[in-house]
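Asker: Fold the following for me, if possible:
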Amino acid sequence: MLSWYQEGVVTHAAVNACLAPLCSVDGMAVTTVEGIGSSRDLLHPVQERIARAHGSQCGFCTPGFVMSMYTLLRNSHAPSEKQIEGAFEGNLCRCTGYRPILEGFKTFSQTGCCGGATKCCMDVKSSDGIKTIKGPSVLFDASKFRPLDPTQEPTFPPALRTEPLISLAIKGPRVSWYRPLTLDQLLVLFRLYYTENKTRTFSALLEMLRWFAGQQIRNVSGIGGNICNASPISDLNPTLLAAGVKLTIATKDSNRGDSDGPQLLHWLQEDIH
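Answerer: So this is what the prediction gives:
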């Protein structure tokens with residue numbers, strides 16, 4: 001979980017650690033699964049619920065699920081079931097089938113499943129109004145879970161409040177990395193790759209973006225990487241092709257080579273494979 005202070009507000013975001021360059025967390029607080037609790041000291045309620053709800057088997061995916069849920073709770077103490085499901089768009093598990101993970105975490109929601117400690121919320125009546133069809137067996141007793149106390153969470157480091165995020169430009173021999181913080185700074189960078197597009201093109205791109213990967217990946221990804229990845233599952237490429245987008249590649253010496261989208265994308269894919 002990355003946390004930063006900007007304009008009087010602390011923002012928390014779950015990210016994939018393997019995709020976040022060290023430079024990108026400058027001025028931010030970094031919280032890992034080891035930092036929220038442990039079996040040696042005291043499990044955090046998020047850790048306790050995934051364990052007691054039988055949501056952890058091989059354990060490979062568990063830290064990711066825990067930190068996605070933890071980040072959501074830091075942003076919203078009583079999330080809806082829809083918010084909980086959305087928070088796990090980028091978390092994958094091959095062992096549990098997701099049911100115990102989701103049911104355990106949905107106990108943090110005011111409308112979530114009780115776990116069936118008293119009356120299973122999955123009990124429904126058949127069409128004749130007489131026969132009762134019971135849902136799956138009870139996984140846990142939610143009444144035994146330790147309650148979440150937001151006041152006991154670690155506070156945002158005071159030192160980072162006095163030094164808000166700054167824009168960054170880190171230049172290396174092979175690649176440069178920028179972190180603009182204002183629209184003006186972004187437009188200066190955008191000028192290097194400016195292409196005239198109609199509003200409907202941007203609307204289509206925004207609609208498509210929410211279907212790619214998960215929140216954790218989208219928080220540290222970029223359009224350039226999505227294109228150069230030349231993924232066989234397409235991602236943004238079909239939308240860009242349909243919009244007639246033209247890509248411009250610039251060198252350090254300002255020599256520019258323009259190419260039609262289909263030709264360049266074909267070249268990228270052939271080169272990578």
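
Asker: all strands in the stretch 151-273 of the chain, in order from the N-terminus.
Answerer: 168-171, 176-179, 246-250, 256-260 (DSSP state E, counting those that start in this stretch).

Asker: Go through these and find the least confident stretch.
Answerer: For those, the weakest mean pLDDT is recorded on strand 256-260, namely a mean of 50.

Asker: contacting residues around the residue nearest to residue 160 when sequence neighbours are not counted?
Answerer: Using C-beta to C-beta, 6 or more residues apart in numbering and skipping residues adjacent in sequence, the residue nearest residue 160 is residue 5, 5.6 Å away. For the C-beta atoms, the positions are set from N, CA and C on the backbone; glycine is no exception. Residue 5 is in contact with 11, 156, 160-161, 164-165, counting by C-beta atoms under 8 Å, 6 or more residues apart in numbering.

Asker: Filter those down to the buried ones.
Answerer: 156, 160, 165 (16 or more other C-beta atoms under 10 Å).

Asker: Now, these that are in helices?
Answerer: Among these, the residues falling in helices (DSSP state H) are residue 160.

Asker: Turn the buried ones among the contacts of residue 5 into CSV, including distance to residue 174 and pLDDT.
Answerer: CSV is the format used below for those (distance: C-beta to C-beta, whole Å; pLDDT from 0 to 100):
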residue, distance to residue 174, pLDDT
156, 35, 92
160, 30, 92
165, 25, 85
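
Asker: now residue 147: how far from residue 53?
Answerer: Residue 147 sits 15 Å away from residue 53, going by C-beta to C-beta, to the nearest Å.

Asker: neighbour-wise, which of the two wins?
Answerer: Set residue 147 next to residue 53 and count neighbours by other C-beta atoms under 10 Å: residue 53 wins out with 23 against 6.

Asker: which residues of the stretch 1-150 of the chain fall in helices?
Answerer: When assigned using DSSP state H, counting those that start in this stretch, the helices of the stretch 1-150 of the chain occupy the ranges 45-52, 62-75, 81-87, 99-105.

Asker: any weak-confidence spans in the stretch 1-150 of the chain?
Answerer: Under the criterion pLDDT under 70, the flagged ranges of the stretch 1-150 of the chain are 112-137.

Asker: Strands of that one, start to end?
Answerer: Under DSSP E, counting those that start in this stretch, the stretch 1-150 of the chain gives strands at 2-6, 9-13, 29-30, 124-125, 132-133.

Asker: possible to save the ones you listed as JSON lines with distance to residue 39?
Answerer: Listed next are the strands of the stretch 1-150 of the chain as JSON lines, based on distance: least, C-beta to C-beta, whole Å:
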{"stretch": "strand 2-6", "distance to residue 39": "25"}
{"stretch": "strand 9-13", "distance to residue 39": "24"}
{"stretch": "strand 29-30", "distance to residue 39": "22"}
{"stretch": "strand 124-125", "distance to residue 39": "38"}
{"stretch": "strand 132-133", "distance to residue 39": "39"}
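
Asker: just so I know, which of those lies nearest residue 226?
Answerer: Comparing the strands of the stretch 1-150 of the chain against residue 226 with C-beta to C-beta, the closest turns out to be strand 9-13 (19.0 Å).

Asker: What is the closest one packed up against?
Answerer: When contacts are defined as 3 or more C-beta pairs under 8 Å, 6 or more residues apart in numbering; DSSP states H and E, strand 9-13 sits against strand 2-6, helix 62-75.

Asker: Highest mean neighbour count out of those?
Answerer: helix 62-75 (a mean of 22; mean count of other C-beta atoms under 10 Å).

Asker: could you give the angle of it to helix 45-52?
Answerer: Counting by axes from the mean of the first three to the mean of the last three C-alpha atoms, to 10 degrees, helix 62-75 lies at 140 degrees to helix 45-52.

Asker: Show me what helix 62-75 is in contact with.
Answerer: For helix 62-75, the surrounding residues in contact (C-beta under 8 Å, 6+ apart) are 1, 3, 11-14, 31-33, 36, 44, 46-47, 50, 55-56, 79, 83-84, 87-88, 90-91, 93, 101, 105, 108, 148, 150, 153, 215-216.
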